[in-house]
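Q: One predicted model, sequence on top.
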There are 6 protein chains.
Amino acid sequence: MFYHVKELQFNARVSKPDPVFARLLLEQFGGSNGELKAAMQYFTQAFTCKQPYPDKYDLLMDIATEEFSHLEIVGATIQMLLGGINGELKDAAEESEIMQLLDGKAAKESFMHQAMFNPQFAVLSGGGPTLTDSNGTPWTAAYVTANGDLTVDLRSNIASESRAKIVYEYLIKFTEDPYVKETLRFLMTREVAHYQQFEAALSTIQPNFPPGILQSDPRHSNTYYNMSNGAEVRGPWNSGESSQLGETWQYIADPIQYVRETSGLQGLKPTGTDRTEKTVEKMNKALSEERSEEVTSALPKGENQWSTYSK
Amino acid sequence: MFYHVKELQFNARVSKPDPVFARLLLEQFGGSNGELKAAMQYFTQAFTCKQPYPDKYDLLMDIATEEFSHLEIVGATIQMLLGGINGELKDAAEESEIMQLLDGKAAKESFMHQAMFNPQFAVLSGGGPTLTDSNGTPWTAAYVTANGDLTVDLRSNIASESRAKIVYEYLIKFTEDPYVKETLRFLMTREVAHYQQFEAALSTIQPNFPPGILQSDPRHSNTYYNMSNGAEVRGPWNSGESSQLGETWQYIADPIQYVRETSGLQGLKPTGTDRTEKTVEKMNKALSEERSEEVTSALPKGENQWSTYSK
Amino acid sequence: MFYHVKELQFNARVSKPDPVFARLLLEQFGGSNGELKAAMQYFTQAFTCKQPYPDKYDLLMDIATEEFSHLEIVGATIQMLLGGINGELKDAAEESEIMQLLDGKAAKESFMHQAMFNPQFAVLSGGGPTLTDSNGTPWTAAYVTANGDLTVDLRSNIASESRAKIVYEYLIKFTEDPYVKETLRFLMTREVAHYQQFEAALSTIQPNFPPGILQSDPRHSNTYYNMSNGAEVRGPWNSGESSQLGETWQYIADPIQYVRETSGLQGLKPTGTDRTEKTVEKMNKALSEERSEEVTSALPKGENQWSTYSK
Amino acid sequence: MFYHVKELQFNARVSKPDPVFARLLLEQFGGSNGELKAAMQYFTQAFTCKQPYPDKYDLLMDIATEEFSHLEIVGATIQMLLGGINGELKDAAEESEIMQLLDGKAAKESFMHQAMFNPQFAVLSGGGPTLTDSNGTPWTAAYVTANGDLTVDLRSNIASESRAKIVYEYLIKFTEDPYVKETLRFLMTREVAHYQQFEAALSTIQPNFPPGILQSDPRHSNTYYNMSNGAEVRGPWNSGESSQLGETWQYIADPIQYVRETSGLQGLKPTGTDRTEKTVEKMNKALSEERSEEVTSALPKGENQWSTYSK
Amino acid sequence: MFYHVKELQFNARVSKPDPVFARLLLEQFGGSNGELKAAMQYFTQAFTCKQPYPDKYDLLMDIATEEFSHLEIVGATIQMLLGGINGELKDAAEESEIMQLLDGKAAKESFMHQAMFNPQFAVLSGGGPTLTDSNGTPWTAAYVTANGDLTVDLRSNIASESRAKIVYEYLIKFTEDPYVKETLRFLMTREVAHYQQFEAALSTIQPNFPPGILQSDPRHSNTYYNMSNGAEVRGPWNSGESSQLGETWQYIADPIQYVRETSGLQGLKPTGTDRTEKTVEKMNKALSEERSEEVTSALPKGENQWSTYSK
Amino acid sequence: MFYHVKELQFNARVSKPDPVFARLLLEQFGGSNGELKAAMQYFTQAFTCKQPYPDKYDLLMDIATEEFSHLEIVGATIQMLLGGINGELKDAAEESEIMQLLDGKAAKESFMHQAMFNPQFAVLSGGGPTLTDSNGTPWTAAYVTANGDLTVDLRSNIASESRAKIVYEYLIKFTEDPYVKETLRFLMTREVAHYQQFEAALSTIQPNFPPGILQSDPRHSNTYYNMSNGAEVRGPWNSGESSQLGETWQYIADPIQYVRETSGLQGLKPTGTDRTEKTVEKMNKALSEERSEEVTSALPKGENQWSTYSK
């Protein structure tokens, strides 16, 4: 069950209305890397995670709840930045200064004259936040990923926090309001904190590479295809050892020729790796057994109840 | 700020897994009239409403929070109905009975054989809920309406609750699980309760018809255009008095002829109504003044702070 | 069958081109509460409604047809407001004054210099309306609701008309063109008229509360959960009698404690209401029988024909 | 203005309910190549077309109106194919045979047991059509193209009619109901008729190749890039003369080498064509003048009125 | 397999940054008629086409690959037009001139002051292209059509090339940069070249009208419904002979009356055509046999392999 | 420039048609974590990355090109799995065994009888792949993230590869075809290889934590809010040292009380960390200077050219 506390988690304030920055800030309200995306992602992931990882379930729900609280902060800030628009619209019988948006007269006196004003603040939302990004695209669950495997989901979350962080970093450059800057900096910092929390959670699941259960095929796991004609560019991603498996990168300098010669990569043998088909199979079986056992043993047989109420 | 309580608001249980019903139930998780839509709609509306209606703000946030809690109930139920899928998928090295989904062998023994199984439960979400409707369409904020005028928003909410109610009613017919039925009935009933709460809130704003500020034009407010060729059908919607304004319906039996004769409805005089251009204008001005004053006086000048912390 | 009349229902005119207002007006052409949404909603609802409510089918089709006619008025107005853009674009070999849009030179002389110009008018639609909202989001059927129960659908329509009304009210503030104002006022007024028509239709179906067939559970129908920590706010939505069922609101001041004490709302008895499980069941059966009989008896057995042609 | 006639344009009938085919048929109701797409495309195109092509405006509105009439036929057929579902759902208090959908009991007796049943017919639309394609994706205006140039729009329409035709052809294979087959064949035939009508309209605009105004650059208009490594495949699209301009195709057998040798296609001269930069420029100017003049002279100065009412 | 060449197909350059034009150009990067749409459309169509038309498969893949190469040119041009934004954003600790976007100070000195700047360049993409159209709507596969019949798909492609051409034509009017103009002209010209290539390919499939296999019904193939009340407008699309079948157009002047008299077009006989039900059936059978034979004989039985590697 | 090689990178084969698995496999063709998403993500990111990281630009383009090659493998496999559908549809005049899809007769003999068949294979795509996920939702660029900062983008890619890997792992469980299994295993393995390549690239950029430039605020960077009422759950994510900054986690056991006492987190001092406002500011400035210098010095002044052709 959720519960609402009337105070915001952070004391969000604005110095004065600024509808243009309100538009930019929509990116974190209804945008692809915004607070709603984060909240819904962790919330949705939590369901499969509850068994067999009740501690991670708790982590996901805690952060999801904090992200909802941040969504509220962002919405409140947008509302304050939109200041008097709602009031002007209520003055429906008068041709008020809102008209200056269109004819440019006395534009300097009106906070709505600016170039990048979002028309939907004026004629759709009545001067409140819209559940869209800064270009008016409605929020979609296509932003949310939840794949039922915590070694995958936590990596998705680390990346999501990284993106949310950079968007706050960009936003900070576009306001001079010290109160708004302070709020944005708080929100940006929390993304960095969550990043480390997800990373710590991932480290408690071992092994966690590759994500999921099945090991990679040793015949294809350490090849690099030089798919771009021109000068060869080398780096630790295609020479030396691979970062996780410690296999030696095999550089395929001319993929067209290589693919033809091997009839489409048929009949290869593992090279530059100690792993074999056998060791892989063994690992696959062992991990399959372990992980499926974890889930199955945690699940009640037949009748099921979510909360720990006495039946 | 939001807060999470580990127990569900309602003690949701299932008798046994049922992935087909889990698919149907997605309609209330990530569907157009589901719990997320309701929660996000009231939450978004609340921002413009806080000034000048702090009591309605409270109502909107209370119900939004309850809807989030219902979203959690629905997600937990879907997860329980999907039972062992996550565990079977973790058994990645084995060709388990999950294969029966495809070849139909021993289909009766497997709960996954059914016709309407959602493929994304198997290959995308890993046996957890997806933020989509029952056909896999991702949730979109296009479902949410928030228009910055409470006489409009509350009507939107009354309609939203009506739709959520009927979807639960339909769903109840498709499960025989007494636990699930009980949960659905609770959720359905809450929609009816919310319906009445929104209606009560609307009645405290007077006048509230027409929604918004501007009165309708008395020359066009009580005409009915018989746009369908064939037998005339009459009812209280085109004969007698109109439900709210008490004007007499004017029935335009032949709109093509009427529009041509009036050169596109030019030069009309109000008929069947006591309202005139003058009374309308007066009403528009009075209500504009009153409502914009309410907002403006409630808003702080310049610097603004959302919560009631001491500055 | 539909038929087109060359004249518009209302004699739409513009005083001069105004591409910025054309952009705002897109909200009513391809926007979430615009004329296409209204037309498609009533049109789609009409199919299930035809049996057993042929009179309401007629009403829905009449208003749907009028909304299509309004869509045409809105499109025509946008086209007139976009005035010469199509002609300028056809002058493809010349660097005409259209360039002023970009470099700002002589911006005052060009009607296209304004801040909020929609780029797709210039480079996609060739100076005509686009089937999008004012921010360029394509119209989607996600806006349309049709749920196969008239007590629900009519409420959806009352809300839809309310939203369309307020959007016209907002739009009126953003143009000074008296012709455009006149057209908008006509269109706004028609939404108010339709509102009352749908309300009148709803009143002819009795009982119509709650929407649909199933009655609410008397154990959960009159409780109010105070989900927000802080000062208690009371109003007719959580004290006194409920608006439709006349039950006494039960105020749950501390939902966390209440839910825990009741093990998730188990074992409750109806309070503050005369309705019982028995009266509810009786009502459910009676209404089920009546309403399903209405549909079934209206439907032909086996072979079916839509129109009343002789077979 | 639109007008509705109570009879369908074609006497649509069904022999018996068939909810699976109803699902397939959604493709032509709310699908990407369906009747709504066609209707909205021609309707939207008509606005820019009215000046300077009032005769083509008429053609577009005539066919748009016919497509709306076909949308009605498709919707009515879906409704009839869904037969008794709405009635069964109204019988909300009973566990009726609708349950057989889930448990497979007596599936042969129920028309709803079939594999491909659309769940939203059951729990969202109440047994009526949904404005989606056969997989439940909501209709979107992204399907509609209108580009403000009739030589482009008519080609879009020829292609749209082709796609609509093939979808009807495919659908015909999936029903054995002679009534439904008859209706589908009528609808399919009309697409072929519209195809020829659009083609005839295009032929009256001369020149109409290339679409739009600007001529192609003679240095790049007749080259064919063999972008696929392997055996060269030749045909009239890369050898001999080009179909419209009568230029000789220049086959670039090795694009990588060619692009490098020409520093990215710099410094080329026209080959295999009589057109030169000069003739192109002349043509561009002449056509620009002619076409922009057509639009400009057709548009009223300043004040504008859409219909031919006396002002 | 695809392969990347480090050089662009065309030597794309810009004279100086121009973020406003960068926004317009998005229309061809992630817009409805842009290069990605073209590339994905031909690529997707190619799969069904490979059998029985390996030569057309080759054509589709060649042009798809060229369109990907054009997508790269468009993206590179946008990146160059966005010039220093990425660098300014990296200077995260400074309140740089990027602020002028908001307060208008010294706007003339900053290239980011312009009205139509895309906010997502600033706060989402970090100064790079976004996979959206010029209004920020994300690219969707709803733009792509592939219908498994080459006589349909090639017509779709001719229309797509026409739309892409006109959008480039419009874009050319909005830049004065000679380098950008040169690139746009190259890209526009290639659309015209592809148009002719698709047309040539279509001409090699005979018969290709109507698209697909089934012939139109001679009772409905040459009628024109005058669906618009008012003056009759006649042209080669409703008088004389039809363009492809050479049938005489039958003009239905009053469709309402006609439909009623014929009880919804029942009992008609073919008029103005030599085709009969018999000739149609014969043609249907012959073409069905031929075309299905072509596909079936080209397909391997049972086991299948895509490339021509030795098994 | 891109180039196409006629052979697939991997010799994809199928043992026999299997349209149901073809539907599941759509998840990797047009689904949210599929090959198109991967290809478009790396391709889009590459543009901002070219300056100042030409080596990572190369890496991104190499992998993007390989992902396009994988998209081709997936499409080819789907096409082979759909086997004879295209041929059956071409046999348009016959009521072939395709009908068994609907009536279930002889279902065992037909490969199209299965429950989860995708209707659009039959009536839209003509038996070819559709650019959708397994539920028919069209691919959308909302899946793609590109944020103009390589420390963010590479993390997004590591997560994307993780999700693509798990979807292949799930898919492998749903086919018994050894050829298809072999192809899926190759594709799955390549995701693991790419994962390590992106990780290696990230490690060459130092410092890379937090992603972007700005350091986190030391007052908020190491707090954990226990947002869930109930038993406290502790782990390395809220006790001990944080994973990247080595700060000591501060556990806020009762966030409601804490937020109130601090008036919304005002007046805090950094605790459990050595970082101060000053060290943060210094770091921000130094990194801002370094990173913006890298970009700016790499960018040409004024005129710009993408490829290294001689000007």
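A: Structure's in. What do you need?
Q: Could you find the closest non-adjacent residue to the residue in the stretch 201-311 of chain A positioned nearest to chain E?
A: Residue nearest to chain E within the stretch 201-311 of chain A (C-beta to the nearest C-beta): A:Gly230, separated by 3.6 Å. (C-beta placed from N, C-alpha, C; glycine too.) The shortest distance from A:Gly230 to any non-neighbouring residue, by C-beta to C-beta, 6 or more residues apart in numbering or on different chains, is to E:Lys6 (3.6 Å).
Q: And the residue of the stretch 201-311 of chain A closest to chain E, how far from A:Trp237?
A: Using C-beta to C-beta, to the nearest Å, A:Gly230 is found at 17 Å from A:Trp237.
Q: okay, these two: which has more neighbours?
A: More crowded of A:Gly230 and A:Trp237, by other C-beta atoms under 10 Å in any protein chain shown: A:Trp237, with 28 against 14.
Q: how near is the residue of the stretch 201-311 of chain A closest to chain E to chain B?
A: To chain B, A:Gly230 is 38 Å away according to C-beta to the nearest C-beta, to the nearest Å.
Q: Does A:Leu36 touch A:Gly30 like I think?
A: Yes. The pair A:Leu36 / A:Gly30 is scored as a contact, 6.3 Å apart, by C-beta atoms under 8 Å.
Q: Mutual contacts of those two, please.
A: Common neighbours of A:Leu36 and A:Gly30 are listed as A:Leu131, A:Trp139 (criterion: C-beta atoms under 8 Å, 6 or more residues apart in numbering or on different chains).
Q: Tell me which of those two has more neighbours.
A: A count of neighbours by other C-beta under 10 Å puts A:Gly30 above the other of A:Leu36 and A:Gly30, at 29 against 26.
Q: can you pull the pLDDT of the closest residue to A:Val280 other than its chain neighbours?
A: Leaving aside its chain neighbours, A:Val280 sits nearest to A:Gln215 (4.5 Å; criterion: C-beta to C-beta, 6+ apart). We have a pLDDT of 97 for A:Gln215.
Q: can you tell me how far A:Gln215 sits from D:Ala253?
A: Going from A:Gln215 to D:Ala253 by C-beta to C-beta gives 45 Å.
Q: what's the answer for A:Pro255, then?
A: 21 Å.
Q: Also A:Lys6?
A: Taking C-beta to C-beta, one finds A:Lys6 at 74 Å from D:Ala253.
Q: likewise A:Gly246?
A: A:Gly246 is 45 Å from D:Ala253, by C-beta to C-beta.
Q: do A:Leu8 as well
A: Distance from A:Leu8 to D:Ala253, by C-beta to C-beta: 67 Å.
Q: okay, those two: which has more neighbours?
A: Taking neighbours as other C-beta under 10 Å, A:Leu8 and D:Ala253 compare with A:Leu8 leading, 24 against 10.
Q: And the residue in the stretch 101-250 of chain A that chain D sits nearest to, its phi and psi?
A: Across the stretch 101-250 of chain A, no residue is closer to chain D than A:Asn229, which sits at 6.6 Å (C-beta to the nearest C-beta). With angles defined as degrees, to the nearest 10, A:Asn229 sits at phi -60, psi 130.
Q: measure it to E:His4 for me?
A: Relative to E:His4, and taking C-beta to C-beta, A:Asn229 is found at 7 Å.
Q: Could you tell me which residues touch both of those two?
A: Residues touching both A:Asn229 and E:His4 by C-beta under 8 Å, 6+ apart: F:Tyr3.
Q: So the two - more neighbours on which side?
A: E:His4 (23 against 16).
Q: Specify the local secondary structure of that one.
A: The three-state assignment at E:His4 reads strand, by DSSP: H, G, I helix; E, B strand; the rest coil.
Q: For it, give me the pLDDT.
A: At E:His4, the pLDDT recorded in the model is 96.
Q: Report the contact partners of it.
A: A:Met227, A:Ser228, A:Asn229, F:Met1, F:Phe2, F:Tyr3, F:Met61, F:Asp62, F:Ala64, F:Thr65 are the contacts of E:His4 under C-beta under 8 Å, 6+ apart.
Q: now do A:Thr183
A: The neighbours of A:Thr183, taking C-beta under 8 Å, 6+ apart as the test, are A:Phe10, A:Ala12, A:Arg13, A:Ile73, A:Thr77.
Q: rerun at 10 Å
A: A:Thr183 is in contact with A:8, A:10-14, A:25, A:70, A:73-74, A:76-77, A:168, A:175, A:177, F:264, counting by C-beta atoms under 10 Å, 6 or more residues apart in numbering or on different chains.
Q: And A:Leu214, by the same measure?
A: Counted by C-beta under 10 Å, 6+ apart, A:Leu214 has contacts A:280, A:283-284, A:287-288, B:92-93, F:165-166, F:168-170, F:172-173, F:185, F:188-189, F:192.
Q: Likewise for A:Gln244?
A: A:Pro207, A:Asn208, A:Phe209, A:Pro210, A:Ser216, A:Ser221, F:Val192, F:Tyr195, F:Gln196, F:Glu199, F:Ala200.
Q: A:Asn304 now?
A: Counted by C-beta under 10 Å, 6+ apart, A:Asn304 has contacts A:51, B:12-17, B:76-77, B:79-81, B:83, B:179.
Q: What about the residues you listed, which one has the most neighbours?
A: Within the contacts of A:Asn304, most neighbours by other C-beta under 10 Å means B:Thr77, with 30 neighbours.
Q: where's that one, which helix or strand?
A: B:Thr77 is part of helix B:54-81, with elements assigned from DSSP states H and E.
Q: any idea how far the residue nearest to A:Val280 lies from F:Ser160?
A: 20 Å.
Q: residue ranges for the helices of the stretch 51-200 of chain A, please.
A: A:54-81, A:85-90, A:100-103, A:119-123, A:150-172, A:178-203 (DSSP state H, counting those that start in this stretch).
Q: can you redo those helices as TSV with mean pLDDT?
A: Output for those, formatted as TSV (pLDDT from 0 to 100):
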stretch	mean pLDDT
helix A:54-81	97
helix A:85-90	90
helix A:100-103	45
helix A:119-123	89
helix A:150-172	98
helix A:178-203	98
